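> the following comprises the amino acid sequence and a computationally predicted model.
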Protein chains: 2
Amino acid sequence: MRIGELAALAGVTTRAVRHYHHLGLLPEPERRANGYRHYTLRDAVELARIRRLSELGLSLEEVRDVLADDYGRELREVLAELDADLARQEDELKERRAHLAELLSRDYLSADEPISPVMASLFTALPNPPKGGLLAKERDWLAVLDTAAPVDVKIELMAVLSPMALDHAVIARVNDLYSRMDALTDPADPAIPELAERLLELFPPGIGPTDGDVLRSPFGQAFLDDLTEAQAAVIRHAFTLLRERGPE
Amino acid sequence: MRIGELAALAGVTTRAVRHYHHLGLLPEPERRANGYRHYTLRDAVELARIRRLSELGLSLEEVRDVLADDYGRELREVLAELDADLARQEDELKERRAHLAELLSRDYLSADEPISPVMASLFTALPNPPKGGLLAKERDWLAVLDTAAPVDVKIELMAVLSPMALDHAVIARVNDLYSRMDALTDPADPAIPELAERLLELFPPGIGPTDGDVLRSPFGQAFLDDLTEAQAAVIRHAFTLLRERGPE
DNA sequence: CTTGACCTTGACGCGACGTCAACGTTTTTC
DNA sequence: GAAAAACGTTGACGTCGCGTCAAGGTCAAG
């Protein structure tokens, strides 16, 4: 047989056959006088074996290992391992599809999507914040945390925020407070200390950051850089207040 | 933030961030005086978005399309499409795992494995043929057909062979016949015509190939090349007999 | 003699980065 | 204050299983 016939017989392309030769998976056969490869039935048997194994999902390297091992012992191990791997992949797929179904079932898909269901419930508690406003920025920030923060941080975060999101009085105070902060323009506005105090009052004592380190970290800096000077002043003042009463 | 901090925040590597820059997925930020990239919170938001989408299984190109489309319209389409794709993958995985479970549940895994269940049942009907013998070669040949033959060919083939495999009398005749053929050494052995006739008798009339074309094809040639001269003579004689009575 | 279907080797392309090289900068440690 | 560790920069090659040219040579049919 020539290479095209062999390939057709095994259901692969000629390129694949040559690839297997290149990898040493399938030995190079004799050549005819014209330079064409001349295959025998045994080559077809070998090739079919390679194809069956690779179709199962083994990498070509694994196929070579199995073939080199005279079959039997290793094959069983490799297949069992492969099955475990496929099971893992199946679980992953299911998780992703569940996530997708979750997303698709929601009534809206905004720029902040897709995020986790918990975070979404938090967002719906404070719907449609003014664009470019401080609250919108905090939502963005939360979305960032939602994608990559360590699990324990997320849990702690949700423990703090979830009760607040369920409390209509708190929501009203948040909306009021943030709209006042959005209105700030002068970094020396006399209302700043009061706003900082109101901000702190939103959090139960003993909860949240206890010192100003987080503000000096690169993340804190990035957050402050994103605000107007007046807004940043509120945040900084709030942390000053926090430090003052912290040790107590 | 510097690139490492941004990457850590979004849970990706710095290499990935630079890759997104290269693809135009994430805009290059300003540089600091030392040449370092300087990121803001908005970059983190963008990056988190990219990561969420790509983690769902979208290609980076699709991510770019979704991001370019101002979210909303396209996102829903793409996600639905993605879900269909994932469903397909899940089915594939299940099929492969079923195949694997089939293979692993068998009591033996020989060099001819893994093959389809139907073919395996056929092989167990004629267990342990003499190594290098004609019967072993035909098993190899069948294994090749099993991997890649068109479905209709396989169905026809099994329709012929399955009843034979279930008939103990036929099995006995096959074993006897093939051991006699294995014993042949002389291409002019006077037993050859008789053996050819016995071979033909195994197949019900009207079943199987009706002319010698298959023998002159590259596959037939490869098959004959694999046999001893005497064995090939039997096959050729059988096809001669077939042609003689064929038209009738 | 041409056409078309095969064959040959060699090389680049894909996708989403990992990894190394070769170098400059900043921070930490002794 | 110097050295080391830990960052940053660009550039380029490697991964995996082939697909897909490029630039030819071979062969049977019309």
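In hand now; what should we look at? Numbering: from 1, shown residues only, chains lettered A, B, ... in the order given.
> who's in contact with the spatially most central residue of chain A?
Residue closest to the average C-alpha location in chain A (Cα atoms, centre = their mean): A:T147, at 5.8 Å. Going by Cβ atoms under 8 Å, 6 or more residues apart in numbering or on different chains, A:T147 touches A:115, B:10-11, B:48, B:51-52. Glycine gets a C-beta too; all of them are placed from N, C-alpha and C.
> what's the local residue count around the residue of chain A found nearest DNA strand C?
Going by Cβ to the nearest atom of the strand, DNA strand C is nearest to A:G4 of chain A, at 2.7 Å. Using other Cβ atoms under 10 Å in any protein chain shown, A:G4 has 13 neighbouring residues.
> what does the average pLDDT come to for stretch A:54-73?
Averaging pLDDT along stretch A:54-73 yields 83.
> now check that stretch, is it near DNA strand C?
No: on the criterion Cβ under 7 Å from any atom of the strand, stretch A:54-73 is out of touch with DNA strand C, staying 12.3 Å away.
> now the residue sitting furthest away from the middle of chain A: how far from A:Y39?
Of all residues in chain A, A:A33 has its C-alpha farthest from the mean position, at 57.6 Å, by Cα atoms, centre = their mean. According to Cβ to Cβ, to the nearest Å, A:A33 stands 16 Å off from A:Y39.
> now swap in A:D182 and tell me
A:D182 sits 76 Å away from A:Y39, going by Cβ to Cβ.
> more crowded one of those two?
Each of A:D182 and A:Y39 has its neighbours counted (other Cβ under 10 Å); A:Y39 has more, 24 against 18.
> please, where are all the helices along chain A?
For chain A, the helices defined by DSSP state H cover A:3-10, A:14-23, A:41-56, A:60-68, A:73-105, A:117-125, A:134-148, A:151-166, A:168-183, A:192-201, A:213-216, A:218-225, A:229-245.
> could I get these as CSV with distance to B:P204?
What follows is the helices of chain A, written out as CSV (distance: least, Cβ to Cβ, whole Å):
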stretch, distance to B:P204
helix A:3-10, 27
helix A:14-23, 37
helix A:41-56, 26
helix A:60-68, 38
helix A:73-105, 37
helix A:117-125, 64
helix A:134-148, 67
helix A:151-166, 68
helix A:168-183, 83
helix A:192-201, 91
helix A:213-216, 85
helix A:218-225, 81
helix A:229-245, 90
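> out of these, the one nearest B:L135 is which?
Among the helices of chain A, the nearest to B:L135 by Cβ to Cβ is helix A:41-56 (14.1 Å).
> can you list the helices and strands that that closest one packs against?
Using 3 or more Cβ pairs under 8 Å, 6 or more residues apart in numbering or on different chains; DSSP states H and E, the elements in contact with helix A:41-56 are helix A:3-10, helix A:14-23, helix A:60-68, helix B:73-105, helix B:134-148, helix B:218-225.
> export the ones you listed to JSON lines and tack on distance to B:A233?
Formatted as JSON lines, the helices and strands packed on helix A:41-56 follow (distance: least, Cβ to Cβ, whole Å):
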{"stretch": "helix A:3-10", "distance to B:A233": "24"}
{"stretch": "helix A:14-23", "distance to B:A233": "31"}
{"stretch": "helix A:60-68", "distance to B:A233": "34"}
{"stretch": "helix B:73-105", "distance to B:A233": "38"}
{"stretch": "helix B:134-148", "distance to B:A233": "12"}
{"stretch": "helix B:218-225", "distance to B:A233": "10"}
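> would you format the ones you listed as TSV with distance to DNA strand D included?
Shown next, in TSV, are the helices and strands packed on helix A:41-56 (distance: least, Cβ to the nearest atom of the strand, whole Å):
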stretch	distance to DNA strand D
helix A:3-10	9
helix A:14-23	3
helix A:60-68	4
helix B:73-105	15
helix B:134-148	13
helix B:218-225	12
